[in-house]
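S.K.: Model the following, please.
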Amino acid sequence: MRTKINIILHYMAVVLVVFFFSGCSDDDKEIYVFNKPCLQWGVSQETVKQQMNNFILLYNDNYTLIYKGQDSESLISYAFESDELYAANVFIREDMTTLSEIEQSFNGYSKELDGQTLSYVNKKKTTLGQISVETKSGKDYFCISWCNYDLP
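M.R.: Numbering: from 1, shown residues only. Coordinates of the predicted model:
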């Protein structure tokens with residue numbers, strides 16, 4: 001059964017993979033382009049793989065797909081349960097963009113504050129999103145996360 005704990009565990013696993021696999025150099029000053037991940041909750045891994053055919057698959061198991069980004073994003077990851085997509089994360093080096101540009105990913109979403117956590121919810125209330133900052137080797141990364149809002 002999918003729970004919010006599963007999302008947290010997936011997020012922590014992806015953060016560890018980011019720290020292990022990412023190796024962006026300081027010379028990668030490109031114009032910011034954001035490749036938004038697949039957010040069609042319930043689709044299969046095969047469907048996501050077809051949509052990500054221009055990306056390099058770094059990791060694949062029954063629960064996770066992790067891709068190398070193409071532009072400013074370092075990694076894009078997906079979480080599955082019973083071969084159904086329920087969460088996606090994008091990691092972008094903080095020096096490649098700004099928080100206001102990242103927040104544009106949530107145009108059309110409403111902001112909700114739960115304690116100290118700011119979340120974004122789409123109008124149909126099917127998707128919950130968050131932005132956080134993670135640090136690796138002294139560099140900060142934005143982690144933009146989306147999950148299925150209807151989790152039990």
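
S.K.: Every contact and neighbour count from this point should use C-alpha atoms.
M.R.: Will do.

S.K.: For residue 139, the count of nearby residues, please.
M.R.: 12 (other C-alpha atoms under 10 Å).

S.K.: shouldn't it be in contact with residue 133?
M.R.: No. Between residue 139 and residue 133 there is no contact under C-alpha atoms under 8 Å: 10.0 Å.

S.K.: Now do the shared contacts for the two.
M.R.: With C-alpha atoms under 8 Å, 6 or more residues apart in numbering applied, the contact sets of residue 139 and residue 133 do not overlap.

S.K.: Nearest the geometric middle of the protein, what residue?
M.R.: residue 89 (1.0 Å; C-alpha atoms, centre = their mean).

S.K.: Strands along this protein, start to end?
M.R.: 56-60, 64-68, 73-81, 84-93, 109-114, 117-122, 127-136, 139-148 (DSSP state E).

S.K.: So the residue nearest to the centre of the chain versus residue 141, what's the distance?
M.R.: 12 Å (C-alpha to C-alpha, to the nearest Å).

S.K.: cool, residue 93 as well?
M.R.: Counting by C-alpha to C-alpha, the gap from residue 93 to residue 141 is 4 Å.

S.K.: picking that back up, and the strands of the chain as TSV, adding mean pLDDT and distance to residue 100?
M.R.: Converted to TSV, these look like this (pLDDT from 0 to 100; distance: least, C-alpha to C-alpha, whole Å):
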stretch	mean pLDDT	distance to residue 100
strand 56-60	95	28
strand 64-68	95	23
strand 73-81	91	16
strand 84-93	93	13
strand 109-114	86	14
strand 117-122	87	14
strand 127-136	89	11
strand 139-148	91	12
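
S.K.: how about CSV for these, with distance to residue 47 added?
M.R.: Output for these, formatted as CSV (distance: least, C-alpha to C-alpha, whole Å):
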stretch, distance to residue 47
strand 56-60, 14
strand 64-68, 12
strand 73-81, 12
strand 84-93, 10
strand 109-114, 25
strand 117-122, 22
strand 127-136, 19
strand 139-148, 17
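
S.K.: Of those, which is nearest residue 41?
M.R.: With respect to residue 41, and counting by C-alpha to C-alpha, the nearest of the strands of the chain is strand 84-93 at 5.2 Å.

S.K.: Give me the sheet partners of that closest one and which way each runs.
M.R.: strand 73-81 (antiparallel), strand 139-148 (antiparallel) (DSSP bridges).

S.K.: With that, I have no additional questions.
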